[in-house]
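Chemist: sequence below, structure please.
(chains A and B)
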Amino acid sequence: MNLFNIPHNELLQHLLNGLTLGAIYSLIALGYTMVYGILKFINFAHGEILMLGAYAGYYVYYLICDPSQGGSFVILAFILSLLTAMVISASLGIFIERVAYRPLRKAPRLAPLLSAIGVSIILMNLAALFFGTKSRKFDYPFDNSTIQLDGTSITPNQIMILVVGLIMMTALKLFIDKSRLGKAMRATSQNQPVAALMGINVNFIISLTFAIGSALAAVAGIMMSLEFKLYPTMGQMAGLKAFIAAVVGGIGNISGAMLGGILLGLLETFGVVILGIPQGLKDTIAFSVLIIILLVKPSGLLIKNIREKV
Amino acid sequence: MKKLLSVLVSFMLLFALACGKESDVVKAGETIKIGFLGPMTGDAGNYGKLMSQAVKVAVEEFNAAGGAEGFNAEVLVEDTEGKVEKANPAIEKLAGVDKVFGIVGSVFSSVSLAVAPKAEASKIVMISPSSTHKDLPEKGKFIFRDVMSDALQAIVFGKYLAKVENVKTVAILYIKNDYSQGLAMDFKAQFEKEGGKVVAVETALQGDKDFKTQLTKIKGANPEAIYFPNYVAEIAQMLEQSKQLGIKAKFYSADGFSNPQILELAGDLANGVIYTQAAEQPTSQKRKDFEAKYQAKWGEKPDAFSLNAYDGAWIMLNAIKATSSKAMGGNLKVDRDKVRDFVAKTKDYDGASGKITFTDNGDLVANIGIYTAENKKFKQLKMFKLDGEKLVEIK
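Modeler: Predicted structure coming up:
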């Protein structure tokens, strides 16, 4: 027993549950934060890109294999469908930006926001129309039997979510901090006209941002479907939560989005377990955190480091 | 002045009433409209889809048999998405614009409870195929259901677990809606009355997918059994996550489990889950015919609620046929009160779901079956009825 009067293994279990949830939020939050960092605009259709990415992965997966058979071919098919889903989602992200946001880039800031909400509603309903509204099961590509460790359980899928989340986030961070394109992205986010004067193709950078954010969303979408099934409205609440995570960490800041996501996942779990917040108010925790952060520290936990430009 | 006003008002009222009568006439060449109210889209869309298809089969048969005085019936399907806020405009449309004579629905208890007052006020016979909340029949004279009450289901199950299965400790995880909460509370009261112990009660919201926090807490309480009185989308998640957390308890559920989608969503995990549902009556020829017709028309099997929806539609159409008469100008006159009275008198109606008898307040007289899922099929294990306070097994 410990401070909270909960057995250690149970506490560890909650920690694990919170972390997996948080890793998914983080992956989605990255897309929000990247777009915001560059365009100062929140892409509310991000959750739907996630959902469509998951459906794309689902169809490719079941087209090339029968997951019930198991074996290494299924794992190969899974990786292949993951990659295909990333490509499809990325193209979708670029397409949406071209059609719904680029024409409005010079418009007042409310206009692209409304356009984003419109895109979100259209995509969700199209998905409901074409894929049907029932939940679908996304079979695990591997044996998902629980691994028991001293009263605490972890599934291979949870491990995969944590590992893939970590890899994706580190890769993105490295890409933005170290590569030339990442540098161009950072420049674009700081000052678009000047970046353009320095020879950076701003339109290309913006498309690239949407592509990367959407590809990450596809990964998050497939992870979510494995864990929570596949359905047309899956992006809605997850998108909102990830948006909160992005704001909590400091919107526009990559590390902030990761931190915010993990923090939100843990808060949702431990708010219920330790603070005794009724389970029915679980979603309220996330939104209360949003309000508190906006009141106390509107720039988010990790304030973006803005260098003076001379 | 006041007197004049009151006279005026009463005249207007009379006038309004007289006008209201207009809605009880089906003009020559038009159809007798009945409504179906249920979730056609959303997470629960599958329930509404299966049931509305059953109503369509009933209407088709009714028309093929000549309808009422040569008038054909028609079913108008309104989508509620399983939500009260969507159901309110839907019932307003059915009652105000379409002026339907009966409604098969609604599907979820929360929704049925919300729309019942409007159906009652508009004198629309409402027969719910699946709303099992114990308070529903109390909502009015026009409100019926041909599915058994939760109270009965929960009481029988509480007794069954304590007395027949000899389970001592149970944890409950329910979704905060009228159906699940009603079942959970009634079950808890009964199980504790029988000497059992409820070691944990956890809740979640409709639409939630992650129940690991609740299940981890339940695991800590170490119950012998867990009761999930919810709908399939949630039950599938709960079963899977329980397994992931290494929970060894036995799983129990209620009739929400009977939607065949559970077999697909939960796969092998559905095996061995024990649940209650209205007792299966000997498979009648009527049921076989209906199932064959349904399969041929829609290419899928009807669920238990679809049988109820089919019977409900027929009871209502029979009542309309028996009580309406040809009026002037080739119109059909339908008396809403007479339709209601005819439905209320239903006794031993030979339906696809079995013999249907309504109690005085419009509830279904029912025996309870204990079922389980086995190799992608549902199977009835035992059958019980309540004899006063006593649980009696029907052999």
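Chemist: check whether B:Asn367 really touches B:Glu280, as I assumed.
Modeler: No: contact criterion C-beta atoms under 8 Å: B:Asn367 and B:Glu280 do not qualify, at 9.3 Å. For the C-beta atoms, the positions are set from N, CA and C on the backbone; glycine is no exception.
Chemist: what touches both of these two?
Modeler: Residues touching both B:Asn367 and B:Glu280 by C-beta atoms under 8 Å, 6 or more residues apart in numbering or on different chains: B:Met383.
Chemist: ok, now how distant is the residue of the stretch 51-200 of chain B found nearest chain A from A:Ile79?
Modeler: Residue of the stretch 51-200 of chain B nearest chain A, by C-beta to the nearest C-beta: B:Lys176 (5.2 Å). To A:Ile79, B:Lys176 is 39 Å away according to C-beta to C-beta, to the nearest Å.
Chemist: equivalent analysis for A:Val119, please.
Modeler: When A:Val119 is compared with A:Ile79 (using C-beta to C-beta), they lie 29 Å apart.
Chemist: so between these two, which is more surrounded?
Modeler: A direct count of neighbours by other C-beta atoms under 10 Å in any protein chain shown for A:Val119 and A:Ile79 places A:Val119 higher, at 20 against 12.
Chemist: okay, and for the chain, where does confidence drop off?
Modeler: In the absence of a named chain, this looks at chain A. Applying pLDDT under 70 to chain A picks out residues A:1-4, A:303-310.
Chemist: chain B is the one I meant
Modeler: Chain B contains residues with pLDDT under 70 at B:1-2, B:4-5, B:8-9, B:11-23.
Chemist: residues of it that sit close to chain A?
Modeler: Counting by C-beta under 8 Å from any C-beta of the partner chain, the residues of chain B close to chain A are B:41-43, B:45-46, B:176, B:202-205, B:207-210, B:212-214, B:216-217, B:219-220, B:233, B:236-237, B:243-246, B:261, B:264-265, B:267.
Chemist: out of those residues, which are inside strands?
Modeler: B:202-204 (DSSP state E).
Chemist: right, and chain B sits closest to which residue of chain A?
Modeler: A:Phe228 (3.7 Å).
Chemist: tally of neighbours for A:Leu52?
Modeler: Per other C-beta under 10 Å, the neighbour tally for A:Leu52 reads 27.
Chemist: quick check: closest non-adjacent residue to B:Lys93.
Modeler: Among residues not flanking B:Lys93 along the chain, B:Glu78 sits closest, at 6.5 Å (C-beta to C-beta, 6 or more residues apart in numbering or on different chains).
Chemist: which stretch of helix or strand covers that neighbour?
Modeler: Per DSSP states H and E: B:Glu78 is located in strand B:73-79.
Chemist: give me the contacts around that strand.
Modeler: B:31-41, B:48, B:52, B:55-56, B:59, B:62-63, B:67, B:86, B:90-91, B:93-94, B:98, B:100, B:104, B:313, B:317, B:320.
Chemist: quick check on the residues of chain B next to chain A: which are buried?
Modeler: B:41-43, B:45-46, B:176, B:202-204, B:207-210, B:212-214, B:216-217, B:219-220, B:233, B:236-237, B:243-246, B:261, B:264-265, B:267 (16 or more other C-beta atoms under 10 Å in any protein chain shown).
Chemist: so what's the closest residue to chain A within chain B closest to, chain neighbours aside?
Modeler: Going by C-beta to the nearest C-beta, chain A is nearest to B:Lys209 of chain B, at 3.7 Å. Using C-beta to C-beta, 6+ apart and skipping the chain neighbours, the partner closest in space to B:Lys209 is A:Phe228 (3.7 Å).
Chemist: so what's the one you found up against?
Modeler: A:234, B:209-210, B:237.
Chemist: what does the stretch 101-250 of chain A have sitting close to chain B?
Modeler: Counting by C-beta under 8 Å from any C-beta, the residues of the stretch 101-250 of chain A that sit close to chain B are A:128, A:132-135, A:137, A:144, A:146, A:148, A:153, A:155, A:158, A:227-229, A:231, A:233, A:237.
Chemist: from those residues, which land in helices?
Modeler: Mapping these onto helices (DSSP state H) picks out A:128, A:158, A:227-228, A:237.
Chemist: was I right about the residue of the stretch 51-200 of chain B closest to chain A contacting B:Asp208?
Modeler: No: assessed by C-beta under 8 Å, B:Lys176 is found out of contact with B:Asp208, at 9.5 Å.
Chemist: filter the contacts of strand B:73-79 down to the buried ones, PyMOL style.
Modeler: Buried residues among the contacts of strand B:73-79 (16+ other C-beta under 10 Å), as a PyMOL selection:
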select buried, chain B and resi 31+32+33+34+35+36+37+38+39+40+41+48+52+55+56+59+62+63+67+86+90+91+94+100+104+313+317+320
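Chemist: spell out the residue ranges of the helices in the stretch 1-150 of chain A.
Modeler: With DSSP state H, counting those that start in this stretch, the ranges of helices along the stretch 1-150 of chain A come out as A:8-39, A:46-64, A:72-96, A:110-131.
Chemist: turn those helices into JSON lines, including distance to A:Met223.
Modeler: Below are the helices of the stretch 1-150 of chain A laid out as JSON lines (distance: least, C-beta to C-beta, whole Å):
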{"stretch": "helix A:8-39", "distance to A:Met223": "6"}
{"stretch": "helix A:46-64", "distance to A:Met223": "9"}
{"stretch": "helix A:72-96", "distance to A:Met223": "9"}
{"stretch": "helix A:110-131", "distance to A:Met223": "18"}
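Chemist: buried set for stretch B:119-134?
Modeler: For stretch B:119-134, by 16+ other C-beta under 10 Å, it's B:119-120, B:122-134.
Chemist: oh, I was asking about stretch B:274-290
Modeler: Buried, per 16+ other C-beta under 10 Å, within stretch B:274-290: B:274-281, B:286-287, B:290.
Chemist: what do you get for stretch A:139-159?
Modeler: A:139-142, A:144, A:152-155, A:157-158.
Chemist: B:Met185: which of the residues you listed is nearest?
Modeler: Nearest to B:Met185 among the buried residues of stretch A:139-159: A:Ser153, at 30.0 Å, using C-beta to C-beta.
Chemist: I figured that closest one hits A:Ile147, correct?
Modeler: Yes: counting by C-beta under 8 Å, A:Ser153 does reach A:Ile147; the two are 7.0 Å apart.
Chemist: for the closest residue to B:His133 other than its chain neighbours, what are its contacts?
Modeler: Nearest non-adjacent residue to B:His133, counting by C-beta to C-beta, 6+ apart: B:Ser109, 3.5 Å away. The contact partners of B:Ser109, by C-beta under 8 Å, 6+ apart, come to B:131-133, B:136, B:150, B:177-179, B:182.
Chemist: state the distance from A:Met234 to B:Lys379.
Modeler: According to C-beta to C-beta, A:Met234 stands 33 Å off from B:Lys379.
Chemist: which one of these two has more residues nearby?
Modeler: Counted by other C-beta under 10 Å, A:Met234 and B:Lys379 do not tie: A:Met234 has more neighbours, with 24 against 11.
Chemist: which ones are touching that one?
Modeler: A:47, A:50-51, A:54, A:221, A:224-225, A:228.
Chemist: closest one to A:Ala286 out of those residues, please.
Modeler: A:Gly47 (14.1 Å).
Chemist: now do the helices in the stretch 151-300 of chain A.
Modeler: In the stretch 151-300 of chain A, helices defined by DSSP H, counting those that start in this stretch lie at A:156-178, A:180-190, A:192-197, A:202-228, A:234-249, A:254-273, A:282-296, listed in chain order.
Chemist: show me which positions of the first one end up buried.
Modeler: The one in question is helix A:156-178. When neighbours are counted by 16+ other C-beta under 10 Å, the buried residues of helix A:156-178 are found to be A:157-158, A:160-162, A:164-165, A:168-169, A:172, A:176.
Chemist: same deal with the third one?
Modeler: Buried residues in helix A:192-197, counting neighbours by 16+ other C-beta under 10 Å, are found at A:192, A:195.
Chemist: do the same with the fifth one
Modeler: In terms of neighbour count (16+ other C-beta under 10 Å), helix A:234-249 has its buried residues at A:234-236, A:238-249.
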